[in-house]
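S.K.: pasting the structure only:
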């Protein structure tokens, strides 16, 4: 073999080795080295970095979710129509609750109880409203109509909403009974109750969302999954968690909804506020109506209610859930902190009208 052949062989060998190193050493070996057995025995030592790819969905826009939510919910929202002098006037929206014709709307929908009302479904079917029951604690009206096979809503948890989440307001209005949808943003979560004065007789716990347009009584608030998370009763927004509690009361006794009246207002004192202000944790009474069940029981402004019956009123439990489990006429023991004393006061709620 002459010198020229030897030189050519060396060049070919170097080139082959470089190509093998590039494709096998950097790529093939790297992949083989990820095999569990070879990795533990360390047979291969890859020269290229090992990159593990995880698929992750990154949302760029929620407009598609909003469109899907509207498309999915509009058949489950209906219009309440007043028939007077041969004309049909939409007076509110309603949420479809059961397939056999139970609905809920705001009490502001029915301002003329002596006239005929109908509910009109999204598919054009209509039914006369034959009975109504008002929940006075939430200013909601449950009604029954002569309809069957009604598409019904799914309820979400309003407690899962956070500031910045998108919600959609859905209403039925106009002679065409078409759905209207408006996008909103949650600006305070349901658990954000600092500084909020609550009325013991009414359900007002819930989230708040920006509103730049007029709402109609019975208007539904929907999350981006198409679940109902609230309803507007004509005066304030009822969260779905409170609505589900009210609905349970109605379904258990559809002939009459009886709610307790206590007659005091309160602030919720959290554990942090309790430590900072040296005040007992619980419900700080800010006002007592006169006459009222609370006044008769001896509850005073400045009292901190620390227990109702056998349930603590600490901040991890919303007091209205405790209060609304009672019926008018029940005898309830309120444990109260007053000027370094602990008192047990017996309160008997009257019926809320």
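M.R.: Looks like it arrived, so ask away. Since the model is a prediction, treat every value here as computed from it, not as a measurement. Numbers count the residues shown, from 1 in each chain.

S.K.: relative to residue 180, how far out is residue 217?
M.R.: 14 Å (Cβ to Cβ, to the nearest Å). In this view, the C-beta of every residue, glycine as well, is placed from N, C-alpha and C.

S.K.: what about those two, which has more around it?
M.R.: Ranked by neighbour count (other Cβ atoms under 10 Å), residue 217 and residue 180 place residue 217 first, with 25 against 16.

S.K.: quick check, the more buried one in contact with residue 94.
M.R.: No. In this structure, residue 217 is not within contact of residue 94 by Cβ atoms under 8 Å, at 9.3 Å.

S.K.: how many other residues sit next to residue 264?
M.R.: Neighbours of residue 264 (other Cβ under 10 Å): 26.

S.K.: tell me the pLDDT at it?
M.R.: Confidence at residue 264, expressed as pLDDT, is 97.

S.K.: kindly report the same for residue 50.
M.R.: Looking at residue 50, its pLDDT reads 41.

S.K.: cool, residue 124 as well?
M.R.: pLDDT, residue 124: 87.

S.K.: same check, this time on the one 5 residues further on
M.R.: Reading off the confidence values, residue 129 has pLDDT 95.

S.K.: residue 77 now?
M.R.: On the pLDDT scale, residue 77 gets 93.

S.K.: partner residues bridging it?
M.R.: residue 95 (DSSP bridges).

S.K.: distance check, it against residue 305.
M.R.: 39 Å.

S.K.: okay, now the unreliable bits of the stretch 51-200 of the chain?
M.R.: Counting by pLDDT under 70, the low-confidence segments of the stretch 51-200 of the chain come to 51-64, 113-114, 173-178.

S.K.: same thing but 80
M.R.: Residue ranges of the stretch 51-200 of the chain with pLDDT under 80: 51-66, 84-86, 112-115, 172-179, 191, 193-194.

S.K.: what segments of the stretch 1-150 of the chain are helices?
M.R.: Counting by DSSP state H, counting those that start in this stretch, the stretch 1-150 of the chain has helices at residues 3-20, 29-32, 36-41, 63-73.

S.K.: again, but for the stretch 151-300 of the chain
M.R.: Applying DSSP H, counting those that start in this stretch to the stretch 151-300 of the chain gives helices spanning 240-252, 271-277, 293-297.

S.K.: returning to what we had before: name the residues contacting each of residue 217 and residue 94.
M.R.: When contacts are counted by Cβ atoms under 8 Å, 6 or more residues apart in numbering, residue 217 and residue 94 have 105, 109 as shared neighbours.

S.K.: which residue is the nearest non-sequential neighbour of residue 180?
M.R.: residue 171 (5.1 Å; Cβ to Cβ, 6 or more residues apart in numbering).

S.K.: closest one to residue 346 among the helices of the stretch 151-300 of the chain?
M.R.: Residue 346 sits nearest to helix 293-297 of all the helices of the stretch 151-300 of the chain, at 6.1 Å, using Cβ to Cβ.

S.K.: which strands or helices does that closest one pack on?
M.R.: With contacts defined as 3 or more Cβ pairs under 8 Å, 6 or more residues apart in numbering; DSSP states H and E, helix 293-297 has these neighbours: strand 282-288, strand 341-347.

S.K.: any idea which of those strands gets closest to residue 255?
M.R.: strand 341-347 (26.9 Å).

S.K.: look up the closest residue to the residue most central in space within the chain, ignoring the ones flanking it.
M.R.: Taking Cα atoms, centre = their mean, the centroid of the chain lies closest to residue 158, which sits 1.4 Å from it. Nearest non-adjacent residue to residue 158, counting by Cβ to Cβ, 6+ apart: residue 239, 3.7 Å away.

S.K.: over to residue 198?
M.R.: Nearest one to residue 198, counting by Cβ to Cβ, 6+ apart, is residue 266 at 5.6 Å.
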